[in-house]
Every structure is written in structure tokens, then in C-alpha cells.
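[1] after the sequence you'll find the predicted model.
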There are 2 protein chains.
Amino acid sequence: MFREKVEAFMRQFQADLCQALEQCDGGATFQSDVWEHEGGGGGDSRVIQNGDVLEKGGVNFSAVEGELSPAFLQMLQMPDPAYFATGVSVVMHPHSPRVPITHMNVRYFEAGNGQAWFGGGIDLTPIYLDMEQARAFHAQLKEVCDKHHPTYYAEFKKWADDYFYNAHRDETRGVGGIFFDRLSETHEISLEERFAFVQDVAYAFIPFYTSVINQNRDLPYGEREKQWQLLRRGRYVEFNLVYDRGTKFGLLTKGRIESILMSLPTNASWLYNFTPEPDSPEERTQAALKKDIDWLNAQ
Amino acid sequence: MFREKVEAFMRQFQADLCQALEQCDGGATFQSDVWEHEGGGGGDSRVIQNGDVLEKGGVNFSAVEGELSPAFLQMLQMPDPAYFATGVSVVMHPHSPRVPITHMNVRYFEAGNGQAWFGGGIDLTPIYLDMEQARAFHAQLKEVCDKHHPTYYAEFKKWADDYFYNAHRDETRGVGGIFFDRLSETHEISLEERFAFVQDVAYAFIPFYTSVINQNRDLPYGEREKQWQLLRRGRYVEFNLVYDRGTKFGLLTKGRIESILMSLPTNASWLYNFTPEPDSPEERTQAALKKDIDWLNAQ
């Protein structure tokens, strides 16, 4: 069954990603919490804390079924409440403000009426913008996308700009990435081909993020950089609690709270009316938190 | 005009509360930011930071008018988009985990069709439960309520339990208090009388909170208590960003973001799967974060 093949892939990806991140971190290992979902199925939440590089990170696998609430059905515009969902969701909060926060997610959803689709995304949230790294990040995403469809990158890059966005601050969460949802079967692209794309996205994440870690892990920083990191993490918390669909889906479907909110950092800060100094690295980073930046050609 | 009388009261209350809190704190003064609202009117956000007692606190006055968006109109079930709203909103985050976080709010709303109502509330979020203080807090709220209506306390205490509630954790924000909304004119209670009630609620807050500060400000604490405070503040952030109506109203009506989010603490923390030790003060506090506790008679 296709569903089982997808679920098996998600489990395997979780295992491979955790192994690669542990090896890269070198100081901590993932702790696993296996849990059951009340409607059926369950998950395996793997959390790493106080590593050499990673302060707090989660790689959450789940495969759950159940019935959506009427409010949620309406939100998703679906006729039948039965659903099956499987995916892997990842957030990494490094100790160092020199290493970007990252999030990635791949997911598969089946509705009761037989509709099925994939979704996913990868985005990068540098505390301090490194233009070359942002460019390389987008170039790699484009390469993966181009392998599967000529318009994927442009389409999904825009989707990420629009989605990873704190509207109340008119500020993107970071330098974006790609985001896609409801990738269904059409006459030209089969669900099997969509699956192949999602697999490529997932496995592109591993070398990309471990290489960013290795490039940046030994860069120096002090109190000032740490303070700025805590403020940026505050924005991350705002996005996740106010806008993030996965978080909302989890809260509304009575998911496991600790697994859903493992995306939040160990600590975060809010200062009233904080404004970065003119021409500082902090101000340059904040100025780059805009939609529609052509990162592939940014200077 | 009634509207102007209410607005003048709100301004005066802001001034009196700020003065009382400054005097009590002794180490810092409020900084004022006057701002304008795009639809008309504006506000005065007063923020205290790094005081002797208060780490971060805001006393926000606003009197704004405008037109509600269609989505928001539907949410409020109102026929006419024009509105006027004035109020004072208060959140105090003390340095010490021995001094409770508090929030209070009084507000007046006029809809385009001539409907008008008051709302408000006070709630207390101790980091460490002090049973005697919680009882005294509720006794004082009951006294204010009883002066105006025999069922107010029972009704508004339940409303606070239901409102200041992190549903996703089945946990109240603190020991509750009172909450009320849409107090309109009826045959037995006029809008003038409602206004008198709201005035009493507001001015009861001042001696209550300054006395809690004075009782608790010199109590000792260490790293463990500070860590627990950061985790409780994390729950405070969750409530404000996920559920708080004032925050949602502010974000949806393009309010001044720094004024809306001044309710967030300087810092907060999230640890994966944190569980307080059995029989610890932390566990006893967490166990008391339940709805429907009869605080007046709690042991």
C-alpha cells in the first residue's frame, strides 16, 4: 500500500537524520519518546538537548489517523472527516548565534474521500545574515526542485516567503526557503513522482544543514550576539504560536503537546521597542527579513 | 458625552496606577510612548523596565476608532463595522519568582449601531502558590463584585477560569480572578452602574497588587526558583499568543505591535517534557492550576 511505503520512508528518514545530526553534534544523542494518538497510530519524538552545537532540537515522526473536527474540516475545505497523516518535522536551535536555526518538514496526508497529497518545506533562520550561505542554501533548493519540475523552485520559494512571515511585524522568519502543500496527483505529475520529490527534499536537508553547522560552529561570539539571538528566538516563538499550521493542527487535533511545542527554543527574550544600532550586523540582518528577495542573485 | 467621560477615566486611572507602581517599585519610572492609530485616536504606552521589583511591565492606555474587518465583524457577531474602543491594559513581570505576575484590564467598546459595553478583568499568576495570598486576592475581588451585584463574583470568577486557560495543556494561567465582557445595559443595571463597577475594579487593583509586592519582595530565591519562573513565563507567552483576545484584536486591527506585545516577559524558557519533582513546591503550584477551585475556602 502506498500509505505504508510513505510511512516507512518517514521512519527511515527520521533515523538517518538523527544519526547524521548526532554525528555532527558530537556531544549529545537523541532521546526517543514513543507515543500513541487517541484516534489511532502515534509517533516517535526524538529530542536532543545540550549538545556541543545543538542546544535543543527535535526530529518528530508521526503517523496518525482520526476524524477531523467540524471547524477544522471547514478550514481545510474537506468533505469527509476521516484522515491519515504521516510526516517528519524538524526544528534545530543551536547554542551559537553564528549557527542558523532551521526547520524542515515533509508530510503526507490522506483524506477520507481518497484524496491524497504531500507537503513540506525547509527554511533557514540565521541570527546573523551570511549572504553567501543564504545564496548557497537557495541554490541547493533550486537544484533539488529543478530535478522534478521547472517551476517548483520559483513557486515554492514564494510560498515560503508568504508562509514563514510574521505579518504583525511585516518581517519574514528568516531567509525563507521552500514551502509546499497539497501536492496532489495531476495528469502530468503522479503521486509517485511527488513522493520522489519529497524524498529528495528530505535527503538534501541532511548534508546542507550539517555543512552549515561545520562551517559556523567555531565562529566566535559574545554577550551582544547572544542577546540578539534571544530576541530573534522571540520572533520564532511568535511565528510558531501565532501562525504555524502544524502547531495549530496539533493543538486542534489533540496532538502530543510536548512534541508539538518542542519547536520552541530553550529560552527567548522580548525587549520593549528594541531597535538595532544603525549599520550594525543586527540591523543588516533585520533589513533582509523581507519577502521577494532574489537570494540566488543577492549581493 | 458618555464616551468622553469613560476615556477621561481611563487616562486618569493609567496616571494613578503608574504613579503607585513607581512609588512601590522605587527603582525605575515608566517611559511613555504616545502613538496614533491609523483609523483614528491612539494611545499612550507606558513601560517600566529593570526596576527594583518590576523587571518589565506595561500600563497601556488606548482610545481608538476605526472599522472592523469583515472576518472580525463575523467573529464579534456585529452588524456595523464602525467601532470605538478605549481601555487600560496592564501586565507586570517582576524579577523575583516570589512576586506573582499580574494582569488587569478595563475596557469600553462602542459599536456603530449604538451598542456599548464594558469588559475587564484581573488575574494573578503566582510562580509559587501562596494559598493565603490567593484566598485574600479572591476575597477582595468578591468584595468589589458584591458591592455591585450578588452574582457578579461567582459568574466572573468562572469566566476567568474558563478564559485564562491554556486548553492545550489543560492548565489555568494562574489562580484566576475575574473576567467579564460585553456588560451591556439591561433593565436592572444601567451602563452608568456598569461604569461604576469597572471603576471600582480598576481602583481595587492598585492597593491589592502593591501590597502583594510589599509582602513578597524580600523573600529569598535561588537558581531553581528562577528556572521555574522562566518555565511559567513560557506558559504565559503561550496563553498570550495562542488565546488572548486583546492580543488577537490588536494584531487583527493593526494595533501598535510593541504595545500589544509588551505583555511578554523579558525572558522565558521551554524545556522538553519538564516535570516538577514529586511533592515539591513547583508540583504543588502546578497541581493548583485547575478550573473551579473555590479559592475563598481553599486550604
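    Thanks, I have the structure now.

[2] which bits of the stretch 151-299 of chain A sit near chain B?
    A:167-169, A:230, A:234, A:237-238, A:241-242, A:251, A:257-258, A:260-262, A:264-273 (CB under 8 Å from any CB of the partner chain). To be clear about C-beta, it is placed using only N, CA and C from the backbone, and glycine gets the same treatment.

[3] buried only: go through those residues for me.
    Buried positions within those, assessed by neighbour count (16 or more other CB atoms under 10 Å in any protein chain shown), are A:168-169, A:230, A:234, A:237-238, A:241-242, A:251, A:257-258, A:260-262, A:264-272.

[4] from those, which land in strands?
    The members of those that map onto strands under DSSP state E are A:267, A:268, A:269.

[5] skipping its backbone neighbours, what lies nearest the first one in space?
    Think residue A:267. Nearest non-adjacent residue to residue A:267, counting by CB to CB, 6 or more residues apart in numbering or on different chains: residue B:269, 4.6 Å away.

[6] isn't that neighbour right up against residue A:264?
    No - here residue B:269 does not reach residue A:264: they are 9.0 Å apart, not a contact under CB atoms under 8 Å.

[7] now the common contact residues for these two.
    residue B:234 (CB atoms under 8 Å, 6 or more residues apart in numbering or on different chains).

[8] mind checking how far the host helix or strand of residue A:120 is from the chain centre?
    Following DSSP states H and E, one finds residue A:120 within strand A:116-125. Centre-to-centre, strand A:116-125 and its host chain are 7 Å apart (CA atoms, centre = their mean, to the nearest Å).

[9] helices or strands up against that strand?
    The contact analysis (3 or more CB pairs under 8 Å, 6 or more residues apart in numbering or on different chains; DSSP states H and E) places strand A:116-125 against strand A:101-111, helix A:131-146, helix A:152-163, strand A:177-183, helix A:191-216.

[10] per-residue confidence averaged over the longest one?
    This means helix A:191-216. When pLDDT is averaged over helix A:191-216, the result is 97.

[11] number of residues surrounding the nearest residue to residue A:184 once chain neighbours are set aside?
    With CB to CB, 6+ apart as the criterion, residue A:184 has its nearest non-adjacent residue at 4.4 Å, and that residue is residue A:117. By other CB atoms under 10 Å in any protein chain shown, 17 other residues sit near residue A:117.

[12] residue A:117 and residue A:107 touch, don't they?
    No - Residue A:117 lies out of contact with residue A:107 (CB under 8 Å); the separation is 9.1 Å.

[13] can you give the contact residues for the least confident helix or strand in chain A by mean pLDDT?
    Here the helix or strand of chain A ranked lowest by mean pLDDT, DSSP states H and E is helix A:70-76, holding a mean of 76. By CB under 8 Å, 6+ apart, the residues outside helix A:70-76 that reach it are A:68, A:79, A:81, A:249, A:252, A:253.

[14] which of those residues has the most neighbours?
    For those, neighbours tallied by other CB under 10 Å; top is residue A:68, 21 neighbours.

[15] enumerate every residue touching that residue.
    Here residue A:68 is in contact with A:76, A:78, A:81, A:83, A:253 (CB under 8 Å, 6+ apart).

[16] how close does it get to residue B:125?
    Using CB to CB, to the nearest Å, residue A:68 is found at 33 Å from residue B:125.

[17] give me the pLDDT for the residue at the greatest distance from the centre of chain A.
    Residue farthest from the centre of chain A, counting by CA atoms, centre = their mean, is residue A:278 at 30.9 Å. At residue A:278, the model reports a pLDDT of 97.

[18] with residue A:112 instead?
    As predicted, residue A:112 sits at a pLDDT of 82.

[19] what sits against it?
    Contacts of residue A:112 (CB under 8 Å, 6+ apart): A:78, A:79, A:80, A:81, A:82, A:83.

[20] and if we set it to 6 Å?
    A:80, A:82 (CB atoms under 6 Å, 6 or more residues apart in numbering or on different chains).

[21] residue A:295 too?
    Counted by CB under 6 Å, 6+ apart, residue A:295 has contacts A:134, A:135, A:138.

[22] counting neighbours, which of the residues you listed comes out on top?
    Within the contacts of residue A:295, neighbour counts (other CB under 10 Å) peak at residue A:138, which reaches 24 neighbours.

[23] follow-up on the earlier one: and the ones in strands among the buried ones among the residues of the stretch 151-299 of chain A next to chain B as CSV, adding pLDDT?
    Output for those, formatted as CSV (pLDDT from 0 to 100):
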residue, pLDDT
A:267, 97
A:268, 98
A:269, 98
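
[24] export the residues you listed to TSV and tack on distance to residue B:209?
    Formatted as TSV, those follow (distance: CB to CB, whole Å):
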residue	distance to residue B:209
A:267	27
A:268	26
A:269	24
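
[25] okay, the helices and strands packed on strand A:116-125 in CSV with distance to residue A:64 next?
    Formatted as CSV, the helices and strands packed on strand A:116-125 follow (distance: least, CB to CB, whole Å):
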stretch, distance to residue A:64
strand A:101-111, 11
helix A:131-146, 27
helix A:152-163, 22
strand A:177-183, 18
helix A:191-216, 18
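
[26] please work out which of those is packed deepest.
    Among the helices and strands packed on strand A:116-125, strand A:101-111 has the highest mean neighbour count (mean count of other CB atoms under 10 Å in any protein chain shown), at a mean of 23.

[27] how close does the nearest residue to residue A:39 once chain neighbours are set aside get to chain B?
    Ranked by CB to CB, 6+ apart and with sequence neighbours excluded, the top spatial neighbour of residue A:39 is residue A:66, at 2.4 Å. Relative to chain B, residue A:66 is positioned 16 Å away (CB to the nearest CB, to the nearest Å).

[28] greatest separation within the contacts of residue A:68: which pair is it?
    A:78 and A:253 (13.3 Å; CB to CB).

[29] bridging residues for the residue nearest to residue A:39?
    On the basis of DSSP bridges, residue A:66 is bridged to residue A:83.

[30] ok, it touching residue A:38?
    No - assessed by CB atoms under 6 Å, residue A:66 is found out of contact with residue A:38, at 7.3 Å.

[31] what's the helix or strand for the residue lying closest to residue A:254 once chain neighbours are set aside?
    Distance criterion CB to CB, 6+ apart; nearest residue to residue A:254, sequence neighbours excluded, is residue A:38 at 6.4 Å. Using DSSP H and E, residue A:38 falls within no helix or strand.

[32] near residue A:38, how many other residues are there?
    Neighbour number of residue A:38 under other CB under 10 Å is 11.

[33] in the stretch 51-200 of chain A, which residue sits closest to chain B?
    Of all residues in the stretch 51-200 of chain A, the one sitting closest to chain B is residue A:168 (4.7 Å; CB to the nearest CB).

[34] same question, the stretch 101-250 of chain A
    For the stretch 101-250 of chain A and chain B, the shortest gap (CB to the nearest CB) falls at residue A:241, measuring 3.8 Å.

[35] and the gap between that residue and residue A:231?
    16 Å.

[36] which regions of chain A sit below the pLDDT cut-off?
    A:187 (pLDDT under 70).

[37] could you redo the last one with a cut-off of 90?
    Across chain A, the ranges flagged by pLDDT under 90 are A:1, A:37-39, A:66-82, A:111-115, A:182-190, A:245-246, A:248-256, A:298-299.

[38] just give me the neighbour total for residue A:279.
    When neighbours are defined as other CB under 10 Å, residue A:279 has 8 of them.

[39] noted, bye for now.
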